[in-house]
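> Would you be able to build a 3D model of this:
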Amino acid sequence: MYKIGVMGDHDSIYGFAGVGLDVIPLTDPKEAARFLREHAGDYAILYITEALASQMEAEISRYDSAVTPAIIPIPGVRGNTGAGLRRVSENVAKAVGSDIVQ
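Coordinates of the predicted model:
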């Protein structure tokens, strides 16, 4: 059975443990990329804070055409950079042929 996880700095993700998601407190992009390579097959959905995702874009892009895991950037405690919404918008545009999110 697939899991759902949240990766990023502790302050941004610790609350997700309360709803049963795996919490992966990583801030080093190299460690996070290694975790992703080793455990991607265990997760259906992996939320990653925008701050961490922006530092490991090359690694995340390897999973763009894969069915799992769906990698979704989320805002951290330091605020929203807009990267998550841009990624969702790009994926919707690929799927339906135009950007209907805006």
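> and G5, helix, strand or coil?
strand (DSSP: H, G, I helix; E, B strand; the rest coil).
> Next: S65.
coil.
> list the contacts for it?
Going by CB atoms under 8 Å, 6 or more residues apart in numbering, S65 touches no other residue. (Glycine included, C-beta is placed from N, CA and C.)
> confidence score at it?
Here, the pLDDT recorded for S65 equals 85.
> and the gap between it and I71?
Distance of S65 to I71, computed by CB to CB, to the nearest Å: 12 Å.
> residues shared between the contacts of the two?
Shared contacts of S65 and I71 (CB under 8 Å, 6+ apart): none.
> Centre of the chain to stretch 47-67, how far?
Relative to its chain's centre, stretch 47-67 lies at 6 Å (CA atoms, centre = their mean, to the nearest Å).
> Am I right that P73 sits in a strand?
Yes. Judged by three-state DSSP, P73 forms part of a strand.
> ok, it touching A51?
No. Between P73 and A51 there is no contact under CB atoms under 8 Å: 9.1 Å.
> With neighbour numbers in mind, choose between these two.
P73 (25 against 20; other CB atoms under 10 Å).
> Dig out what the more buried one forms beta bridges with.
Under DSSP bridges, the beta-bridge partners of P73 are I48.
> Check what pLDDT it gets.
90.
> can you check H10 too?
So H10 comes in at 95 (pLDDT).
> residues touching it, list them.
H10 makes contacts with P25, as judged by CB under 8 Å, 6+ apart.
> Just the buried positions in stretch 1-18, please.
Judged by neighbour count using 16 or more other CB atoms under 10 Å, the buried positions of stretch 1-18 are I4, G5, V6, M7, G8, D9, S12, I13, F16.
> so the last one sits in a helix?
Yes. Under the criterion used here (three-state DSSP), F16 sits inside a helix.
> Quick one: residues contacting the closest residue to it other than its chain neighbours.
Closest residue to F16 apart from its sequence neighbours, by CB to CB, 6 or more residues apart in numbering: V6 at 4.4 Å. With contacts defined as CB under 8 Å, 6+ apart, V6 is in contact with I13, F16, L21, D22, V23, I24, L46, Y47, I48, I74.
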